[in-house]
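Visitor: Turn this into a structure:
(one chain, ligands or ions: 2)
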Amino acid sequence: MPTVHNWQIGRDMSYPHEERHPERQFAFVFNLNRCIGCQTCTMSCKSTWTFSKGQELMWWNNVESKPFGGYPQHWDAKILALLEEANPGGQVWSTAGAGSDNGSDDAPYGRFDGMTVFEAADKKPRPDGPQQALGYLPTDDEWRHPNIHEDTATGSHFKKEGQYGGSTELPEHKVWFFHLARICNHCTYPACLASCPRNAIYKRPEDGIVLIDQSRCRGYRKCVEGCPYKKAMYRPETRTSEKCIGCFPRIEGKDKSASPTGAPAETRCMAACVGKIRMQGLVGIEEDGTWTPDPKNPLYFMIRERKIALPLYPQFGTEPNGFYIPPRWVPRNYLVQRFGPGVEDAIEQYSCPDRELLAVLQLFRGGQQIIFRYEIEQGEKVAEVEVTMPDGTTKTQEIFNDTVLGFNKFDEEFIRITVEEPTFERPAEMHVNSI
Ligand code: SF4
Ligand code: SF4
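Guide: Numbers count the residues shown, from 1 in each chain. Ligands and ions are numbered 1, 2, ... in the order given. The predicted structure is shown next:
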């Protein structure tokens with residue numbers, strides 16, 4: 001099996017296909033501290049792409065309440081259990097060289113010494129051929145409840161016996177849940193693609209979006225079995241598998257309502273996000289798979305430079321291109337299992353963002369087009385606040401009313417937003433609609 005390099009696990013790994021990379025890669029950052037679980041993203045996707053026969057239980061975008069919810073049910077617990085069974089006690093990271101692999105940014109979270117889904121695949125002869133990626137087929141029942149256990153918390157409500165209030169103290173709440181919004185990660189090394197015996201799945205060279213060619217698909221469901229995130233889905237009506245298509249017409253600039261000059265626009269689920277948790281973009285990729293240094297691209301800045309946004313289950317080995325700012329109230333061991341060893345550093349930065357990071361965080365949902373570059377115009381200092389850090393120490397955060405500007409692919413400015421939200425006072429006269 002060929003060997004490819006996976007920067008998220010800090011090492012080479014085996015993958016069924018030769019290394020090849022797109023010019024740019026579709027990627028996104030979700031800030032989980034802000035998701036309110038309103039499902040607007042879910043419905044915007046559903047009403048655009050999956051409202052037809054056979055797609056009733058198909059949710060390309062879903063938002064699940066963690067730790068109990070999941071779509072399909074138990075998807076993460078099941079794949080984690082399979083990996084543990086394949087490599088008992090060995091699914092661990094070594095973080096000694098994190099962020100400084102020979103001076104490069106090659107192993108930003110350290111090195112994962114366990115097995116990826118490709119390395120743990122069951123190569124024994126099976127009636128349906130050997131596996132290319134360790135996986136399983138969810139049952140019909142598991143696909144049936146996309147928002148099961150909505151808003152259900154875990155933990156004890158009592159700090160001490162008879163004393164209410166143990167639930168709301170940072171750095172970790174005793175009673176907690178959070179909303180995990182998910183779409184296909186348009187992985188660099190897709191397990192769905194690796195698993196398809198028909199070569200029906202491909203990655204677009206221009207933007208790295210992963211698509212299933214409906215004319216080649218025969219509905220064997222090997223992609224459904226192989227995707228560790230369970231983001232490839234079977235449609236009985238057509239007997240083919242389908243998945244998120246990254247709203248590629250919008251990425252191609254074809255939605256003139258979102259971008260009148262034909263610049264790439266963000267997907268429907270991103271643009272509709274009420275909580276302003278989502279930012280999607282395109283990052284430059286070199287021939288060898290490394291990200292082209294581009295610190296003024298907000299995604300590059302948050303993911304590669306600051307490492308405040310982390311991949312979902314990097315240990316699976318698919319190099320997902322969805323990244324998450326972890327929720328700061330959730331127990332750390334749970335988050336580290338989910339987002340890797342970079343969690344503590346990401347939460348520390350998010351708890352007290354510096355001047356540049358605070359400005360970049362304002363860009364979320366400032367417009368519908370993809371931001372290729374940002375600029376910051378400095379403003380005056382407006383506040384100084386004491387912040388309690390995750391380790392219990394305090395830090396003084398200086399807040400400046402900077403203005404952040406976002407530019408599209410054609411370097412046209414389309415966002416201009418200040419850190420301090422402007423307020424407007426209504427004149428003291430009678431209004432017919434006053435109550
Ligand atoms: S998340 Fe799953 S369906 Fe999407 S590209 Fe990765 S392996 Fe394929
Ligand atoms: S629209 Fe945004 S805030 Fe609402 S559930 Fe989706 S990701 Fe969360």
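
Visitor: residues touching the closest residue to K222 other than its chain neighbours, list them.
Guide: Leaving aside its sequence neighbours, K222 sits nearest to S195 (Cβ to Cβ, 6 or more residues apart in numbering; 4.3 Å). Glycine gets a C-beta too; all of them are placed from N, C-alpha and C. Shown in contact with S195 (Cβ atoms under 8 Å, 6 or more residues apart in numbering): 131-133, 135, 222-223, 225-227.

Visitor: Would you confirm that L312 contacts C187?
Guide: No: with contact defined as Cβ atoms under 8 Å, L312 and C187 do not form a contacting pair (10.4 Å).

Visitor: low-confidence ranges in the stretch 151-300 of the chain?
Guide: Counting by pLDDT under 70, the ranges of the stretch 151-300 of the chain that qualify are 156-167.

Visitor: hmm, try it at 80
Guide: Residues of the stretch 151-300 of the chain meeting the criterion pLDDT under 80: 156-169.

Visitor: That one: helices as residue ranges?
Guide: Per DSSP state H, counting those that start in this stretch, the stretch 151-300 of the chain has helices spanning 191-195, 222-226, 248-251, 268-271, 298-300. These are given in chain order.

Visitor: List every C-alpha atom in the fourth one, with coordinates, as PDB.
Guide: Spelled out, it's helix 268-271. What follows is helix 268-271, C-alpha atoms only, in PDB (Å, rounded to 0.1, in the frame of the first residue of the first chain):
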ATOM      1  CA  ARG A 268     -25.800  27.200   2.400                       C
ATOM      2  CA  CYS A 269     -25.300  25.700   5.900                       C
ATOM      3  CA  MET A 270     -22.500  28.200   6.600                       C
ATOM      4  CA  ALA A 271     -24.300  31.300   5.300                       C
END
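
Visitor: For L357, what is the enclosing helix or strand?
Guide: Taking DSSP states H and E as the definition, L357 sits inside helix 355-361.

Visitor: Pull the contacting residues for F339.
Guide: 310-314, 324, 326, 346.

Visitor: what about the helix ranked longest in the chain, distance to the chain center?
Guide: Secondary structure of the chain per DSSP state H: the longest helix is helix 75-86. Centroid separation for helix 75-86 versus its chain: 20 Å, with Cα atoms, centre = their mean, to the nearest Å.

Visitor: Equivalent analysis for stretch 54-73, please.
Guide: 15 Å.

Visitor: Just give me the neighbour total for the residue in the stretch 151-300 of the chain positioned nearest to ligand 2.
Guide: In the stretch 151-300 of the chain, the residue found nearest to ligand 2 is G275; the distance is 2.7 Å by Cβ to the nearest ligand atom. Using other Cβ atoms under 10 Å, G275 has 20 other residues around it.
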